[in-house]
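**Student:** sequence unknown, structure follows:
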C-alpha cells in the first residue's frame with residue numbers, strides 16, 4: 001500500500017518538467033527558511049512560538065525537520081508525498097494559527113507554499129525523481 005501511495009502518476013513529459021521545476025523551486029525557497037531556523041537552533045537559541053501547545057523546543061525541532069529535512073526529500077523526490085505531509089501541516093499552522101488574526105498579506109507567503117505543496121501532493125513527484133526510479 002505504501003509503494004502504491006508513493007508511486008508517481010504517469011504524466012505527459014511537459015507536466016513532468018513543470019512538476020520538477022515546482023518541486024525543486026518551492027523546496028529551495030523553503031530550505032532557506034529551514035536553514036535559518038536550523039542555524040539558530042544549533043547556536044543555542046531555542047526560543048520559538050508554541051502555536052499548538054507541544055512546547056517551544058519541540059515546535060522548533062519539528063518545524064526544522066519539516067522546513068529543512070522534508071524540503072531536501074522533496075527536492076530529491078524521495079518519499080515525496082510523505083515528506084509533503086509535515087510541510088502541509090506546518091503551513092496550515094502558520095496560516096491558520098500563527099497568522100490567524102493578521103492581514104492577508106501576512107498569510108500570503110504561507111498560502112503560496114501551502115498551495116504548491118498541495119499541488120505536488122496531488123501530482124506526485126513526477127518522472128524525474130528518486131520515487132520514480134524506485135517504483136519501476
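**Tutor:** The structure has been received and is ready for your questions. Being a predicted model, the structure only gives us computed values, none of them experimental.
**Student:** Please, where are all the helices along the chain?
**Tutor:** Using DSSP state H, the helices of the chain run over 2-6, 13-42, 56-64, 71-76, 80-93, 104-123, 130-134.
**Student:** Could you point out which of those helices sits nearest residue 50?
**Tutor:** For those, proximity to residue 50 was assessed by CB to CB; helix 56-64 is nearest, at 4.9 Å. Just so you know, the C-beta spots here come from the backbone N, C-alpha and C atoms, and that holds for glycine as well.
**Student:** ok now that closest one, how far from the chain's centre?
**Tutor:** 15 Å (CA atoms, centre = their mean, to the nearest Å).
**Student:** Just the residues contacting it, thanks.
**Tutor:** 34, 37-38, 41, 46-52, 54, 86, 90 (CB atoms under 8 Å, 6 or more residues apart in numbering).
**Student:** Weed out the non-buried ones from those.
**Tutor:** 34, 37-38, 41, 48, 86, 90 (16 or more other CB atoms under 10 Å).
**Student:** about what we covered before: mind putting the helices of the chain in CSV, mean pLDDT included?
**Tutor:** Output for these, formatted as CSV (pLDDT from 0 to 100):
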stretch, mean pLDDT
helix 2-6, 67
helix 13-42, 95
helix 56-64, 95
helix 71-76, 98
helix 80-93, 97
helix 104-123, 96
helix 130-134, 88
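**Student:** pretty sure residue 88 contacts residue 122?
**Tutor:** No. Residue 88 is beyond contact range of residue 122, at 11.1 Å (criterion: CB atoms under 8 Å).
**Student:** more crowded one of those two?
**Tutor:** Taking other CB atoms under 10 Å, residue 88 and residue 122 do not tie; residue 88 has more neighbours (19 against 10).
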